[in-house]
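Peer 1: requesting a structural model of the entry that follows:
(4 chains)
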Number of protein chains: 4
Amino acid sequence: MKTGFIGLGRMGSAMAANLLKAGHDVTVFNRSPEKSRSLLELGAHQATSIAEACDGETVITMLADDAALTHVALTNEGIVGKLSKGAIHISMSTISVALSKELAQAHARAGQRFVAAPVFGRPEAAAAAKLFIVTAGDAAAVEACQPLLGAMGQKVFSIGTEPAAANLVKLSGNFLLASAIEALGEAIALVGKAGIDAHAYVDLLTSTIFPAPAYKTYGGLIADNKFQPANFSAPLGFKDIRLTLAAAESLRVPMPLGSLLHARFLRVLAHGGDNLDWAAIGGLATQDAREH
Amino acid sequence: MKTGFIGLGRMGSAMAANLLKAGHDVTVFNRSPEKSRSLLELGAHQATSIAEACDGETVITMLADDAALTHVALTNEGIVGKLSKGAIHISMSTISVALSKELAQAHARAGQRFVAAPVFGRPEAAAAAKLFIVTAGDAAAVEACQPLLGAMGQKVFSIGTEPAAANLVKLSGNFLLASAIEALGEAIALVGKAGIDAHAYVDLLTSTIFPAPAYKTYGGLIADNKFQPANFSAPLGFKDIRLTLAAAESLRVPMPLGSLLHARFLRVLAHGGDNLDWAAIGGLATQDAREH
Amino acid sequence: MKTGFIGLGRMGSAMAANLLKAGHDVTVFNRSPEKSRSLLELGAHQATSIAEACDGETVITMLADDAALTHVALTNEGIVGKLSKGAIHISMSTISVALSKELAQAHARAGQRFVAAPVFGRPEAAAAAKLFIVTAGDAAAVEACQPLLGAMGQKVFSIGTEPAAANLVKLSGNFLLASAIEALGEAIALVGKAGIDAHAYVDLLTSTIFPAPAYKTYGGLIADNKFQPANFSAPLGFKDIRLTLAAAESLRVPMPLGSLLHARFLRVLAHGGDNLDWAAIGGLATQDAREH
Amino acid sequence: MKTGFIGLGRMGSAMAANLLKAGHDVTVFNRSPEKSRSLLELGAHQATSIAEACDGETVITMLADDAALTHVALTNEGIVGKLSKGAIHISMSTISVALSKELAQAHARAGQRFVAAPVFGRPEAAAAAKLFIVTAGDAAAVEACQPLLGAMGQKVFSIGTEPAAANLVKLSGNFLLASAIEALGEAIALVGKAGIDAHAYVDLLTSTIFPAPAYKTYGGLIADNKFQPANFSAPLGFKDIRLTLAAAESLRVPMPLGSLLHARFLRVLAHGGDNLDWAAIGGLATQDAREH
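Peer 2: Predicted structure coming up:
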């Protein structure tokens, strides 16, 4: 298929590369054009404006946050202004429920289609085309995107016709991951202070009650007490907890554990954690338990 | 091996049956003797006193709580008084770190050996000999218990020479499970109020970021909003959170998520939750979010 | 002094009346003009547009929230567009730190002055000219406002030259009040379930360790378990906790108790608490402790 | 009246001195007899055993914790064994609800009377006979104690016939104080990071919405960020929160703010806070907000 791809960070570059490898016709656009180089070698076309990335049947966005996507999609020279009628904007970024609703409306008014398709997976998973992709939107539109989504992920889940639902599921997933990090952090602080080896403990957990990669990855980082370099940074993690709580506010759903995580992330950030992995919240309990 | 087995609840009966099936010579004792019947058919001997259950190389206890084990082990006619020198008390109950330390000392003074071997797994896992067993104690003693432990579990983890360490690991594991329940409860309340199907959501989670049986089991119970009958009851879950926090107090380890869980369980119990599964704490968020 | 007054809710009407009684020349404006009647009898002039309320040396705003003040001050026909150079906008509403900063900049660009002067006190205190007023802004501007502020409050505190500081102090004060409500709610749930009379308990507290009107007022409401009619509504209380946490986010200050309050308010609102007094969060603990 | 007095710490010594100044006949007993010296100069008699302190109409205990009072009252040579029939044990220590109930039963079985009379007030208040005293017990017994209580406090509140109720009220009062400390700590962290002077802020609060000595005292300590020397130590504060939560557990009352305080105190104690004032929990928010 012919698609545009906007946003070539660590995730986006890997995803666009997989589209190219699968034979799709991809036109890439990024604020910093030097990020496109390796993709051009794989056969990508270079767009010099958002408009040029919008001349296919679809355009994919994979950007850092609401502000970036708003800028790319909703301003005068943005996607809503440039995409053809009937074409599809596939938004794969982790964004707020509110922005997803706003985009759905804006595209509808412009006669375009909007599919939300956020992903689960760290950059290595993106590179290996092993992402899990959650989609929502008009059924025909979602169906039309499958060739692209299938090239980037190991499994695609379609969960409804309201695009914002996919964004909410993605946010809630990050809330669950952060909860697991906090729980592991407290458990490791406890057994660690009792003299039990933290790595053996994590091995035990992940070969028994928690055979999930997340427990292995984050348990390992906490046991190492090593949160640099960041695979997924604390400010991005905090953003997702904030967006989860914002959605919970709109829906009036109290989330006391979500609230606890909010305070945990603020503490990591106050202490200069901008470059740490979001698993750093899992180091706080050990820090608090340690004798000074 | 010749062993006594004290405590024939749902877990204990299943474990003793597996010992018999594996050819061990088992003498069972229970406060309510009618619980022994099916085990006698499998070849068990019936003890009419704790003393009679203590005449082998080992005696296994699988009781509900500290009070029950204290009564069985530390009173005049109890295990410490009756077990032969050199014989081993294998304590498989989920008990406090403090009681485990007290038992280790009492057995040492009496010239006996003490191994803590708490288990992870619900009754079905016990029946299928699929328990995970965490042991700690003197290396030779732990080694001597392997034929028994191997008949009851799918895997045995040895994590040190201080028996109480195994009990702490077990408690921390239940803390992690309760944390996962609370997190799932909040996430399901959130997506549920947005109109997303809770079962589809749990399927998505457990086939992507949380491929762990615990997320499947508890996510399913919360999605069903059905917490009866209890496989593991709320009062037992609360007991384990209390014991976790008691251990954290002794070690001076702050556990804010543990504290949150403490308040959640008290709420379930205040509202008459004695017969509910401990997953009922995962129903509170939905209850709080529901319009009255 | 000649002043405009915009916003004639329960607080604003009482405050404007006190200005008139003190001899000031007050021009009132409100979206719903019928609210002006009693003030006109006291000698107020009726403005039919925001512009007409802006032709004095000062204009006072006392509005419900950020949205209302943004609409009144920052739109084309608003205060920033209409106020004379050198005149002062006295903002007495409880608003966000962010909006206060934005207003300060907008007024500065327009050659006008901006003083934040939020108040502590419920409507009865406003009627009795017993408000506590916290001001911040350019020293000369704050000084110029004293005749007006003195007519509305029993005491005026000047806390700096940056207007937003006064707004932050106000928000933090409401956070402290909500914290006291939550604490009283939990304490009353505890002693109440033990059979101690809640009113006698509140009397004891407020004649010993907490001789503060807030403990008397809120303790009484919680002891009565009666949260209607609202003197200060739950949605307004929630708004202030959200604004406090928003300021804490910008400043990177973790507030775990603030986070707990956030979840408490959401629960009251989810359960249809829009018309309840914000003290209703103090009823949750008793609700949770009550046997069903 | 003729009374014994057991427990001559900072509080007890000051209280016993006031009894002597009021003309009562006081026999003092303390583990470390040198603490009696100044009281002997005021006319006290020195007891060399608990029994000697038990030969009056009443005996007062003012001890550090449950363990100390259990030792003094419930062992073979203790108060229950030595007090005359009909005589009254006035327990003024801050102890658990459970111990209070146990003592009430033990004294009843021994034909003695038991009055709980815990106090609010720091050592200076004890010295000035300005304590607030909360009593509960048999009405005639409480009445009989009034001459003694009146000499030690500025006001006596009688709240029922079940002694343990007074202990619960006392514990709940300390929970409320700790809650105020936490709230002040978070508020001061917030306004402090915005550049507002913390002392001016506390002055503002305590001359407006919180005119209570506790807010003045603890606000001042937090603004100073100075928690040494301790007037009331962090371990004692933690003990009271633990006893509050223990009572809440028995009664099945969820106290999420109480749980948060539990984690806060553990953190202070983990970091070597044994010699700090309990107000040190109010310093944690500033610590968390500070850039490293």
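Peer 1: quick one: stretch A:159-178 near chain B?
Peer 2: Yes. Contact check for stretch A:159-178 against chain B, using C-beta under 8 Å from any C-beta of the partner chain: residues in range are A:159-160, A:162, A:164-165, A:168-169, A:172-173, A:175-177. In short, each C-beta sits where N, CA and C put it, glycine included.
Peer 1: give me the distance from that stretch to the chain's centre.
Peer 2: Here the centre of mass of C-alpha atoms in stretch A:159-178, compared against the chain's by C-alpha atoms, centre = their mean, to the nearest Å, lies 10 Å away.
Peer 1: I figured A:Lys239 was touching A:Ala68, is that so?
Peer 2: No. Using C-beta atoms under 8 Å as the test, A:Lys239 is too far from A:Ala68 to be in contact (11.4 Å).
Peer 1: the more surrounded of the two?
Peer 2: Each of A:Lys239 and A:Ala68 had its neighbours counted (other C-beta atoms under 10 Å in any protein chain shown), and the higher figure belongs to A:Lys239 (21 against 18).
Peer 1: neighbouring contacts of the helix or strand where the more buried one lies?
Peer 2: Using DSSP states H and E, the element containing A:Lys239 is helix A:234-251. Residues outside helix A:234-251 that contact it (C-beta atoms under 8 Å, 6 or more residues apart in numbering or on different chains): A:64-66, A:94-98, A:168, A:171-172, A:174-175, A:178, A:254-255, A:258-259, A:261-262, A:265-266, A:268-269, A:273-274, A:276-278, A:280-281, B:190, B:193-194, B:289, C:242, C:249, C:262, C:266.
Peer 1: for D:Ile196, see how far away the residue in the stretch 151-292 of chain A that chain C sits nearest to is.
Peer 2: In the stretch 151-292 of chain A, the residue that lies nearest chain C is A:Ser259 (3.5 Å; C-beta to the nearest C-beta). The spacing between A:Ser259 and D:Ile196, counted by C-beta to C-beta, to the nearest Å, is 25 Å.
Peer 1: more neighbours: these two, which one.
Peer 2: The residue with more neighbours, out of A:Ser259 and D:Ile196, is A:Ser259; 26 against 21, by other C-beta under 10 Å.
Peer 1: what residues are up against the nearest residue to A:Ala289 once chain neighbours are set aside?
Peer 2: Beyond its immediate neighbours in the sequence, the residue positioned closest to A:Ala289 (C-beta to C-beta, 6 or more residues apart in numbering or on different chains) is B:Val253, lying 4.1 Å away. Contacts for B:Val253 (C-beta under 8 Å, 6+ apart) come out as A:186, A:189-190, A:193, A:285, A:288-289, D:266, D:270.
Peer 1: read off the pLDDT value for the residue of the stretch 1-150 of chain A found nearest chain D.
Peer 2: The stretch 1-150 of chain A approaches chain D most closely through A:Asp65 (23.2 Å), counting by C-beta to the nearest C-beta. As summarised for this prediction, A:Asp65 has a pLDDT of 93.
Peer 1: over to the one 3 residues further on?
Peer 2: What the model reports for A:Ala68 is a pLDDT of 96.
Peer 1: my guess is A:Thr286 meets A:Leu190, correct?
Peer 2: No. Here A:Thr286 does not reach A:Leu190: they are 9.3 Å apart, not a contact under C-beta under 8 Å.
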